[in-house]
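Asker: sequence isn't available, so here's the structure alone:
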Ligand SMILES: C[S@@+](CC[C@H](N)C(=O)[O-])C[C@H]1O[C@@H](n2cnc3c(N)ncnc32)[C@H](O)[C@@H]1O
């Protein structure tokens with residue numbers, strides 16, 4: 001891709017981000033309108049913004065022939081992070097509500113018979129049988145009923161199955177010992193910054209995940225923001241396990 005094309009792509013993305021998430025009647029319609037002008041340059045731009053995705057994928061402990069679901073899979077970019085592990089996965093469902101991004105996911109899934117690309121809501125999707133792993137990659141903050149989405153992940157996991165989440169966040173005002181504390185400025189600024197684009201940072205995400213699943217891995221960090229070198233957005237990578245023997249979260 002030439003420099004000029006790269007610039008054009010970035011410009012389309014930046015325009016979309018400045019316009020923000022539309023406030024139409026349906027969530028699917030809003031996502032389609034928001035992403036339709038960004039779909040082409042989506043992967044290249046998000047490579048620089050959405051940190052920790054490869055780390056999350058590498059940290060997911062998967063059994064042989066695992067059944068895996070990504071909720072809010074977008075263009076299916078994370079498939080590539082699996083590398084040769086993808087061939088060992090028995091069934092892989094990429095779920096998203098955004099038609100323009102799903103078109104790219106279908107192209108990416110082409111040639112991988114075990115991968116299904118599904119137009120469905122993360123809070124309601126039912127894979128039909130229990131799965132070994134469900135993960136959200138920068139999607140939990142975009143699903144308005146995020147508690148329902150976490151409960152749905154729990155429902156579809158087999159006991160002992162794993163959930164993975166990587167996303168932007170802000171810490172609770174008084175986080176438990178050992179977790180990162182954010183200043184009042186950080187906790188005030190980032191939710192406002194992201195809200196314009198339909199990304200809802202909620203200090204309740206991480207505590208809910210930690211209370212629902214046994215923590216296998218947690219790292220909290222900061223990500224650079226393209227074109228804004230002084231800004232570093234807080235994000236976390238979480239892997240949790242559904243306890244064996246529990247029927248309700
Ligand atoms: C920031 S993108 C991340 C995409 C991809 N996981 C990645 O890492 O590149 C968030 C995705 O969540 C999807 N999404 C938002 N709300 C959703 C919902 N209720 N059900 C399914 N997908 C949803 C959006 O369409 C979008 O593709």
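Answerer: Received the coordinates, thanks. Predicted model only: the values in this text are computed from it and were never measured.
Asker: what strands line up against the strand ranked longest in the chain, and which way round?
Answerer: Ranked by number of residues, the top strand in the chain under DSSP state E is strand 228-241. Strand pairing for strand 228-241, determined by DSSP bridges: strand 157-168 (antiparallel), strand 214-225 (antiparallel).
Asker: could I get these as JSON lines with distance to the ligand, mean pLDDT and mean neighbour count?
Answerer: Using the backbone N, CA and C atoms, a C-beta is placed for each residue, glycine as well. Shown next, in JSON lines, are these (distance: least, Cβ to the nearest ligand atom, whole Å; pLDDT from 0 to 100; neighbours: other Cβ atoms under 10 Å):
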{"stretch": "strand 157-168", "distance to the ligand": "8", "mean pLDDT": "98", "mean neighbour count": "22"}
{"stretch": "strand 214-225", "distance to the ligand": "13", "mean pLDDT": "96", "mean neighbour count": "15"}
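Asker: JSON lines for the ones you listed, including distance to residue 53?
Answerer: Output for the strands paired with strand 228-241, formatted as JSON lines (distance: least, Cβ to Cβ, whole Å):
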{"stretch": "strand 157-168", "distance to residue 53": "6"}
{"stretch": "strand 214-225", "distance to residue 53": "11"}
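Asker: go ahead and confirm residue 126 touches residue 156.
Answerer: Yes. Using Cβ atoms under 8 Å as the test, residue 126 is close enough to residue 156 to be in contact (6.9 Å).
Asker: that older thread, now do the longest strand of the chain, average pLDDT.
Answerer: Strand 228-241 shows a mean pLDDT of 92.
Asker: ok, stretch 123-140 next?
Answerer: 98.
Asker: how far does that stretch stretch from start to finish?
Answerer: This stretch, stretch 123-140, spans 10 Å end to end (Cα to Cα, to the nearest Å).
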